[in-house]
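Enquirer: Dropping the sequence and predicted coords here.
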Amino acid sequence: QKEVEQNSGPLSVPEGAIASLNCTYSDRGSQSFFWYRQYSGKSPELIMFIYSNGDKEDGRFTAQLNKASQYVSLLIRDSQPSDSATYLCAVSHILTGGGNKLTFGTGTQLKVEL
Amino acid sequence: DAGITQSPRHKVTETGTPVTLRCHQTENHRYMYWYRQDPGHGLRLIHYSYGVKDTDKGEVSDGYSVSRSKTEDFLLTLESATSSQTSVYFCATAEGNYEQYFGPGTRLTVT
């Protein structure tokens, strides 16, 4: 079992719809959870992170965390063609010397159609 | 954007040659990381640094070494490049234990 699992997609949604991206993780000791967006040929770009159960909203994005179910999701409201990208879920563990190790899923490809 | 640059951006090298990739940051972030990204594997941590001259191994460190002599620079060296090290390499930086910011990446091909 992979430590972080995502459906590879592609997930296709019409413009203006809500896109729902899901991620499950296996290590209950994971402390923080991140969503990155990656356009083809580009580097990962941080969207948001969450560390407490519940919802966290930032503009059109909402991250949801359920530690009991080991599940984290990202909702994108009013999806735009510019949201078409691969979305990476990552979980965090604190490292011995400080800092944190991010363990990534393989990403979900989102396509927003006109 | 944490002001991160990577050099070179693209490199083709032959099996058995040493290769050094450079990551440079202007944000004075304490922590620096090297990841590689391969299809089907996602991003995986190679090495990280928690201060000048303080480094440690990640999950895929075999065949790689790192050095950090200044806060702003983190070097990744492939001691003797192999075809399995063909990948895209990303540097990331962070000030604390939360968000990491990624550089533009280096595409390395080992022939």
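Expert: Happy to help now that I have it. Numbers count the residues shown, from 1 in each chain, chains lettered A, B, ... in the order given.
Enquirer: spatially speaking, which residue is in the middle of chain B?
Expert: Residue closest to the average C-alpha location in chain B (CA atoms, centre = their mean): B:Trp34, at 3.1 Å.
Enquirer: OK, contacts around that one?
Expert: Listed by CB atoms under 8 Å, 6 or more residues apart in numbering or on different chains, the contact set of B:Trp34 reads B:21, B:23, B:45-48, B:58, B:64, B:66, B:74, B:76, B:89-92. C-beta here means a position set from N, CA and C on the backbone, and glycine is covered the same way.
Enquirer: how near is it to chain A?
Expert: Going from B:Trp34 to chain A by CB to the nearest CB, to the nearest Å gives 12 Å.
Enquirer: Who does that residue form a beta bridge with?
Expert: B:His47, B:Cys91 (DSSP bridges).
Enquirer: okay, and for the chain, where does confidence drop off?
Expert: No chain in the question, so chain A it is. Filtered on pLDDT under 70, chain A yields the residue ranges A:1.
Enquirer: actually it's chain B I care about, not the one you picked
Expert: In chain B (pLDDT under 70), the answer is B:1-2.
Enquirer: Would you tell me which residues of it are close to chain A?
Expert: Contact residues, chain B versus chain A (CB under 8 Å from any CB of the partner chain): B:30-31, B:33, B:40-45, B:48, B:50-51, B:54, B:56, B:58-59, B:90, B:94, B:97-105.
Enquirer: among those, which ones are buried?
Expert: Among the residues of chain B next to chain A, those scoring as buried are B:30-31, B:33, B:42-45, B:48, B:50, B:58, B:90, B:94, B:97, B:99-103, B:105 (criterion: 16 or more other CB atoms under 10 Å in any protein chain shown).
Enquirer: if you look at the residues you listed, which of them are in strands?
Expert: The strands, defined by DSSP state E, take in B:31, B:33, B:42-45, B:48, B:50, B:90, B:94, B:101-102 from these.
Enquirer: Can you report how many residues neighbour residue 26?
Expert: Because you didn't say which chain, this covers chain A. A:Ser26 sits with 13 neighbouring residues when counted by other CB atoms under 10 Å in any protein chain shown.
Enquirer: sorry, should have said chain B
Expert: For B:Thr26, the count of nearby residues is 11 (other CB under 10 Å).
Enquirer: for A:Ser40, same thing?
Expert: 8.
Enquirer: do you know how far it is from A:Gly107?
Expert: Separation of A:Ser40 from A:Gly107 (CB to CB, to the nearest Å): 11 Å.
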